[in-house]
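Participant: quick one, structure for this:
(one chain, ligands or ions: 1)
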Amino acid sequence: MPAAVSASTSPPSVDPTAALDSALRTAIAAVTGLPVGESDPHIRPSGNPQFGDFQANFAMALAKKLGANPRQLATDVLARAELTGIADKAEIAGPGFVNIHLASSALAAALDAFDSPALGITPTTATYAVTVDLCGVNVAKQMHVGHLRATIIGDTIARVHERLGRKVWRENHLGDWGLPIAMTLAALRRAGTNLDSLTLDDLNRAYRAAQMEGRDDAAGMIAAQATRVGPHRIAELEAQNTGAALAQEDARATLVRLQSGDAQLVTEWQKIIDCTMKEVFESAAVLGVQLTDEHSRGESFFRERLGPAVEAFAKSGLGVEDDGAIVVRYPDRERPMLIRKRDGGFLYATTDLAACKFRVQDLKSDRVVYVVDARQRDHFKDVFDAIRMIGWNKLPDGTEAELIHVPFGSVLGADKKPLKTRSGENFTLKALLDEAIERGIREVRARASDPNAPTAGMSDADLAAIGSAVGIAAVKYADLGSDVTRDYVFDLDRMVSFEGDTGPYLQYAHARMASILGKALDAAAHAPPRPTISVAEPAERQLALTLLRYPQIVREVAQHLDPSRLCAYLHGLATSYNGFYQQCPVLKCEDQALRASRLRLCAISKHVMKDGLGLLGITAPERM
Ligand code: ARG
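Facilitator: This is a model prediction of the structure:
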């Protein structure tokens, strides 16, 4: 809506560029004769605060289009633009850039409007929901560091969409069906394990033993590798393409009985799931991730839908027979996708076809986001293309859902190889979190031993609580802060540090904001509830501009499914706050009105920091 915004009639916007955009747009339209809708002034934050807060970059492209001189065009627009009360200074630089210093009063008004529980984030009105496929553990296996990424990146993406007012379905696509779990079940039965006192260690041992038994059949593996189907499908085939070993026969028979609903086996199967999920939910709680039983719609949920899915593909001609099996072929590549084996068995891919259809058509999601290891890239490409070919991405109103794989990289050890324990085992998630918490507690205790520390004299239990929050923040921030698609090196020493680009650094910045507000409480009791904001000093302006960018950042994180943007923003906020804190006395400020204004800047900074950390699922202790 390009109508002119006049400060006196519209409520103040939290976007400091809204009035500026409107004033320049009107002037561009008047000078060029273009419609207001085509007169975008192209306002961007300035690269260097010395030259101004924002740049308007309309002149070059527009002048080219109109055959005019860009500097002259910029000059004419500025002469026409009504910027009083909006900008203090607007200057033309270089070939026709316009550098703008916002009026402090405009900045203060925007910040005053921003200071509300919503922090300038207006809920979107969307017809459909968002599905986030996260965690994806396999039953009977310990969660490992890969699941850490699938869980916390997924949780942040879910939280950000919820913050924007979207309905979110968190879908934990558990590997709880098929031969691997039947193998485990069969092995447990042979060993006579009492399933009522089952531990995850028992389960793991049985799982691994069952896998080793299956390894014997090298021929099946060679056949699988020859089709170059990617590691996940090889692993699946590794478990499935096995020969005559007795254990395999036993597993197969167990699977058939389980799949036909044998009551005894189903009860035992449920016990294995309960045992696995108990630890998954414990780890989720430790990680501050919203993941409970209601989010567990595993592979088994789709079992009745696999046959119909394959039939639909066969009927439409997209699923074709190949040596007794059914495959989907693609016009642009040789690799087919196997959806039914010769023996009638279904595959991981078949389940994903049924699940994707369910998410779009039953859960009514116009965005389905899969937070899964990058090594499954080909798998998701195949699944998504097949879904589009058959049209299962269509929503009731005919629009198409976005199907997106967020392919995350691996967590590496100091040797740049996948993270292993000292004894060469895969790091379980639990072991990793235990170690991070222990390190966090050690760090917090050491700091508290300084008599001047804000935490000096706190009880051991309180210090331990802060320490675990620090340890978890360290791990989560390091993970969420790097480009998701990249591998990263797991380095606890760096991650738990209170300095640098770390989670604890942000928590500490938040605690310092809390501490200054705590110290000022007495005085604040006598101050007006919403003291007038003044942003005169450069450091105050810098902080105000940073704060006001928050809603845009949250929208960008959702749009690009990129939590690292939020991490970088919060780190920038801590830096702007530090600059403000060093250059502008707060508690010692003599001018009471200015002191109140600065305290309010501290309070808004604290609010944004806490809200942003909350979107990362990181807690913000009041004292550190
Ligand atoms: N269980 C799978 C694995 O560990 C991950 C599941 C991911 N989600 C999906 N819809 N395929 O590899």
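Participant: correct me if wrong, but Leu403 is in a strand.
Facilitator: Yes: counting by DSSP: H, G, I helix; E, B strand; the rest coil, Leu403 falls inside a strand.
Participant: so what's the residue nearest to it when sequence neighbours are not counted up against?
Facilitator: Closest residue in space to Leu403, ignoring its immediate chain neighbours: Phe384 at 4.5 Å, by CB to CB, 6 or more residues apart in numbering. All C-beta atoms are positioned from the backbone trio N, CA, C, and that covers glycine. Contacts for Phe384 were tallied using CB atoms under 8 Å, 6 or more residues apart in numbering; they are 356, 393, 403, 405.
Participant: from Phe384, how far out is the last one?
Facilitator: With distances defined as CB to CB, to the nearest Å, the gap from His405 to Phe384 amounts to 7 Å.
Participant: now the first one
Facilitator: From Cys356 over to Phe384 the distance is 8 Å, taken as CB to CB.
Participant: same thing with Ala209?
Facilitator: Ala209 sits 36 Å away from Phe384 when distances are taken as CB to CB.
Participant: what is the burial count for Glu438?
Facilitator: Glu438 sits with 14 neighbouring residues when counted by other CB atoms under 10 Å.
Participant: ok, now Leu432?
Facilitator: If you count neighbours by other CB under 10 Å, Leu432 ends up with 21.
Participant: what's the answer for Val554, then?
Facilitator: For Val554, the neighbour count with other CB under 10 Å is 24.
Participant: ditto for Ala539
Facilitator: Ala539 has 18 neighbours, counted by other CB under 10 Å.
Participant: next one: phi and psi at it?
Facilitator: With angles defined as degrees, to the nearest 10, Ala539 sits at phi -70, psi -30.
Participant: for this structure, which spans come out with low pLDDT?
Facilitator: Scanning the chain for pLDDT under 70 picks out 1-12, 213-245, 522-527.
Participant: which bits of the protein sit near the ligand?
Facilitator: The interface of the chain toward the ligand, taken as CB under 6 Å from any ligand atom, is made up of 133, 136, 138, 173, 175, 232, 352, 355, 370, 372.
Participant: so the first one sits against Val369, correct?
Facilitator: So that's Asp133. Yes: assessed by CB atoms under 8 Å, Asp133 is found in contact with Val369 at 6.7 Å.
Participant: nearest to the ligand: which residue in this protein?
Facilitator: Gly136 (3.1 Å; CB to the nearest ligand atom).
Participant: quick check: that residue touching Val372?
Facilitator: Yes: using CB under 8 Å, Gly136 makes contact with Val372 at a distance of 6.3 Å.
Participant: which one's more surrounded, these two?
Facilitator: Val372 (26 against 23).
Participant: what lies in contact with the strand or helix carrying that one?
Facilitator: For Val372, the host element (DSSP states H and E) is strand 365-373. Residues outside strand 365-373 that contact it (CB under 8 Å, 6+ apart) are 126-134, 136, 146, 149-150, 153-154, 157, 161, 169, 356, 359-360, 380, 395, 399, 401-408, 410, 561.
Participant: drop anything exposed from the residues you listed.
Facilitator: 128-134, 136, 146, 149-150, 153-154, 157, 161, 169, 356, 359-360, 380, 401, 403-408, 410, 561 (16 or more other CB atoms under 10 Å).
Participant: before we move on, back to that, who touches both of Cys356 and Phe384?
Facilitator: 393, 403.
Participant: what ranges do the helices span in the stretch 101-250 of the chain?
Facilitator: Applying DSSP state H, counting those that start in this stretch to the stretch 101-250 of the chain gives helices spanning 104-114, 145-163, 179-191, 200-214, 218-226, 231-240, 246-259.
Participant: list the buried residues of the helix or strand encompassing Asp493.
Facilitator: Assigned by DSSP H and E, Asp493 belongs to helix 492-495. For helix 492-495, the neighbour count (16+ other CB under 10 Å) marks 492, 495 as buried.
Participant: could you say what helices and strands that helix packs with?
Facilitator: helix 429-448, helix 460-481 (3 or more CB pairs under 8 Å, 6 or more residues apart in numbering; DSSP states H and E).
Participant: as a markdown table, those with distance to Leu306 would be great.
Facilitator: Below are the helices and strands packed on helix 492-495 laid out as a markdown table (distance: least, CB to CB, whole Å):
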| stretch | distance to Leu306 |
| --- | --- |
| helix 429-448 | 30 |
| helix 460-481 | 34 |
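Participant: which stretch among those is buried most, on average?
Facilitator: helix 460-481 (a mean of 22; mean count of other CB atoms under 10 Å).
Participant: run the chain-centre distance for that one.
Facilitator: Put simply, helix 460-481 sits 18 Å off its chain's centre (CA atoms, centre = their mean, to the nearest Å).
Participant: tell me what it is packed against?
Facilitator: helix 145-163, helix 263-287, helix 429-448, helix 492-495, helix 503-519, helix 563-583.
Participant: residues making contact with the fourth one?
Facilitator: If I follow you right, that is helix 492-495. 435-436, 439, 474-475, 477-478, 500, 502-503.
Participant: go on, the third one?
Facilitator: Contact with helix 429-448 is made by 142-145, 147-148, 279, 282-283, 286-287, 419, 421, 453, 455-458, 463-464, 466-475, 490, 492, 495-496, 498, 504, 624, as judged by CB under 8 Å, 6+ apart.
Participant: change it to 7 Å
Facilitator: Contact partners of helix 429-448, identified using CB atoms under 7 Å, 6 or more residues apart in numbering, comprise 143-145, 147-148, 279, 283, 286, 421, 453, 455-456, 458, 463-464, 466-468, 470-472, 474-475, 492, 496.
Participant: could you dump the strand holding Val372 to PDB, C-alpha only?
Facilitator: Extracted in PDB, the C-alpha atoms of strand 365-373 (Å, rounded to 0.1, in the frame of the first residue of the first chain):
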ATOM      1  CA  SER A 365       0.800 -27.900   5.400                       C
ATOM      2  CA  ASP A 366       1.900 -25.500   2.700                       C
ATOM      3  CA  ARG A 367       5.500 -25.900   3.800                       C
ATOM      4  CA  VAL A 368       7.000 -29.300   4.700                       C
ATOM      5  CA  VAL A 369      10.500 -28.900   6.000                       C
ATOM      6  CA  TYR A 370      12.800 -32.000   6.400                       C
ATOM      7  CA  VAL A 371      15.700 -31.400   8.800                       C
ATOM      8  CA  VAL A 372      17.800 -34.500   7.800                       C
ATOM      9  CA  ASP A 373      21.400 -35.300   7.300                       C
END
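Participant: with adjacent residues omitted, what lies nearest to Ala473?
Facilitator: Gly503 (3.4 Å).
Participant: before we move on, the earlier item: nearest to Pro35, of the helices of the stretch 101-250 of the chain?
Facilitator: Closest to Pro35 of those, according to CB to CB: helix 104-114, at 26.2 Å.
Participant: how far off centre is stretch 267-278?
Facilitator: Relative to its chain's centre, stretch 267-278 lies at 29 Å (CA atoms, centre = their mean).
Participant: repeat for stretch 55-69
Facilitator: Put simply, stretch 55-69 sits 38 Å off its chain's centre (CA atoms, centre = their mean).
Participant: now do the end-to-end distance for it.
Facilitator: End-to-end distance for stretch 55-69: 18 Å, by CA to CA, to the nearest Å.
Participant: for that stretch, which residues meet the burial criterion?
Facilitator: Of the residues in stretch 55-69, 55-60, 62-63, 68 count as buried by neighbour count, 16+ other CB under 10 Å.
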